[in-house]
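S.K.: Could you look at this predicted model? Sequence included:
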Amino acid sequence: MGLLFHDLSKAMHEVSEYVYKRQFEVDDQLASEYDEYRRRKMYEDILHNLSFLDAAISLEDEQLFLSYVEWLYTLMVNLMPDTTPTRIKEQLITHYELLIEGLDKFLEPKTQALAKSILTAAIERTKVYEIPKKVSTFEEGKYGWARKQYLTYLRENDKNRAIQFVEELADNSFTLDEVYVDVLQPVMEEIGHLWHENKISVNQEHYMTSVTQLALSQFYKRIFDTPRINYSILVCSVGSELHEMGARMVSDLFEYHGYDSVYLGAGVPIKALMESIESYKPNIIALSVTMPQHLKTCKEYVIKIRQQYPEILIAVGGRAFSISKDIVNEWPIDTSLKDAKQFLNWAEQTLGA
Ligand code: B12
């Protein structure tokens, strides 16, 4: 972040306080609708909204904010069943109008017009947006039964059977690549939908995540036992990103296919990353981003790595890259791919491994 504000944290809080206060001034109904909990959430949400707006402005990508606008509206409709969708739209539209008003006082002149145009588009999108009927392929196809059964164990809080089930899948039904990418990844995505739809709580989502991490760790012996192919990969999530299971799946599957993997996890500062590259000299660097707010940091990492190590292959991936197709157009990367299986194929072809 940073393009938007001179002094980010101070300005973010000033804008949030301004918008928060104005929202109650201009909307008489709000005080009776929002209890203490909702008010606190609303303040946090304003900060969150600003961070998405900042990402869209920094990368000059309106779609980043517009897809967030749809996601936020859906979340609010699901979380506030006592409030009509029309009323939620009203609140959000007022909110975007107040952001335009508030940001006018804080923005650097060159970003003012862009912020206004993105927020105006957000208002238009909110006016017309209807939550689509969910068409899910989760339980369909070759892997549907396995996804459904694993999710059922998770929803029953039965971690022992869940973990055993995943192990049996890899023993009897699917390759390890398939277990990771075609069963566990879609289940994690489904868990995200269920949270977004307010059908499971945050603590259930955390529990399901930690059981899946346990399920992954039981494969370590299998993963590190395969013949080596003399290529290496360094994998991490970027900046203050907390999502790291995707990066870990990438690292595990490369290790399983004979690459030496160095997995740095989440929250890796650029200085530490550069030191690791210097000491391991990997053939491939894989950078993972889930939340779009970290895309700008990812681009900075890519540029720095490319300058210092022109010979190392750089790949980027993760959920954030699926939101807007053009994000990586100008980035000096070697590839951006959708999942770990495609990434392995690409590496095999590119390195002749
Ligand atoms: C688990 C989870 C968490 C966990 C993460 C734990 C961990 N150790 O990783 C925790 C609890 C920390 C978390 C926190 C939050 N989360 Co969360 N989370 C998820 C969830 C349910 C699953 C993520 C996951 O593990 N997916 C499975 C992995 C395997 O998939 P993947 O990451 O896409 O990786 C694959 C590919 O993308 C690719 N890939 C990945 N990296 C790379 C790199 C390269 C180079 C390549 C080529 C490929 C590649 O290969 C992988 C394997 O095939 C998602 C739902 C979803 N749709 O993803 C929400 C989700 C991402 N979270 C979401 C949100 C909102 C949050 C929070 C803001 C919630 C909050 N209110 O606090 C925070 C933000 C945290 C932060 N500051 O970053 C939203 C984001 C929505 C948005 N608007 O962008 C989602 C989409 C949920 C939802 N449906 O609304 N979350």
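M.R.: Noted; the coordinates are in hand.

S.K.: Assumed residue 236 was part of a helix.
M.R.: No - counting by DSSP: H, G, I helix; E, B strand; the rest coil, residue 236 is not part of a helix but strand.

S.K.: what's around the spatially closest residue to it that is not a sequence neighbour, how many residues?
M.R.: Excluding the flanking residues, the one nearest residue 236 by CB to CB, 6 or more residues apart in numbering is residue 264, at 3.8 Å. Heads up, the C-betas are built off the backbone N, CA and C, glycines and all. Residue 264 has 17 neighbours, counted by other CB atoms under 10 Å.

S.K.: Does residue 264 lie in a helix or a strand, and which?
M.R.: In the assignment (DSSP states H and E), residue 264 maps to strand 260-268.

S.K.: The ligand contacts on the stretch 201-350 of the chain?
M.R.: By the rule CB under 6 Å from any ligand atom, the part of the stretch 201-350 of the chain lying against the ligand is 205-206, 209, 241-247, 249-250, 286-288, 290-291, 315-319, 337, 339-340, 343.

S.K.: List buried members of the residues you listed by neighbour count.
M.R.: By neighbour count, with 16 or more other CB atoms under 10 Å, those hold 205, 209, 241, 243-247, 249-250, 286-288, 290-291, 315-319, 337, 339-340, 343 as buried.

S.K.: Which of these fall in helices?
M.R.: Among these, the residues falling in helices (DSSP state H) are 205, 209, 245-247, 249-250, 340, 343.

S.K.: hang on, the residue nearest to residue 236 packs against residue 274?
M.R.: No - judged on CB atoms under 8 Å, residue 264 makes no contact with residue 274 at a distance of 11.6 Å.

S.K.: Excluding chain neighbours, what is closest to the residue of the stretch 51-200 of the chain found nearest the ligand?
M.R.: Going by CB to the nearest ligand atom, the ligand is nearest to residue 192 of the stretch 51-200 of the chain, at 2.4 Å. Nearest residue to residue 192, sequence neighbours excluded (CB to CB, 6+ apart): residue 205, at 7.7 Å.

S.K.: for the one you found, what are its contacts?
M.R.: 191-192, 194-195 (CB atoms under 8 Å, 6 or more residues apart in numbering).

S.K.: Dump these to a markdown table, plus secondary structure, neighbour count and pLDDT.
M.R.: A markdown table is the format used below for those (DSSP: H, G, I helix; E, B strand; the rest coil; neighbours: other CB atoms under 10 Å; pLDDT from 0 to 100):
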| residue | secondary structure | neighbour count | pLDDT |
| --- | --- | --- | --- |
| 191 | helix | 22 | 98 |
| 192 | helix | 15 | 97 |
| 194 | helix | 17 | 97 |
| 195 | helix | 18 | 97 |
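
S.K.: any weak-confidence spans in the chain?
M.R.: Applying pLDDT under 70 to the chain picks out residues 1-10.

S.K.: And the strands in it, which stretches?
M.R.: 232-238, 260-268, 284-288, 313-317, 335-337 (DSSP state E).

S.K.: out of these, deepest packed?
M.R.: Of the strands of the chain, the one with the most neighbours on average (mean count of other CB atoms under 10 Å) is strand 284-288, at a mean of 27.

S.K.: Need the contact partners of it.
M.R.: Under CB under 8 Å, 6+ apart, the answer for strand 284-288 is 231-238, 241, 243-244, 246-247, 250-251, 259, 277, 298, 301-302, 305, 312-318, 343, 347, 351.

S.K.: neighbouring strands for that strand, and are they parallel or not?
M.R.: The strands beside strand 284-288 in its sheet (DSSP bridges) come out as strand 232-238 (parallel), strand 313-317 (parallel).

S.K.: now the strands of the chain in a markdown table, with distance to residue 50?
M.R.: Listed next are the strands of the chain as a markdown table, based on distance: least, CB to CB, whole Å:
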| stretch | distance to residue 50 |
| --- | --- |
| strand 232-238 | 20 |
| strand 260-268 | 21 |
| strand 284-288 | 24 |
| strand 313-317 | 25 |
| strand 335-337 | 27 |
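
S.K.: residues contacting the spatially most central residue of the chain?
M.R.: Residue closest to the mean C-alpha point of the chain, counted by CA atoms, centre = their mean, is residue 290 at 2.3 Å. For residue 290, the contact set (CB under 8 Å, 6+ apart) comprises 237, 241, 243, 246, 318-320.

S.K.: one step back: so which elements touch the strand holding residue 264?
M.R.: Helices and strands touching strand 260-268, as assessed by 3 or more CB pairs under 8 Å, 6 or more residues apart in numbering; DSSP states H and E, comprise strand 232-238, helix 245-256, helix 270-280.
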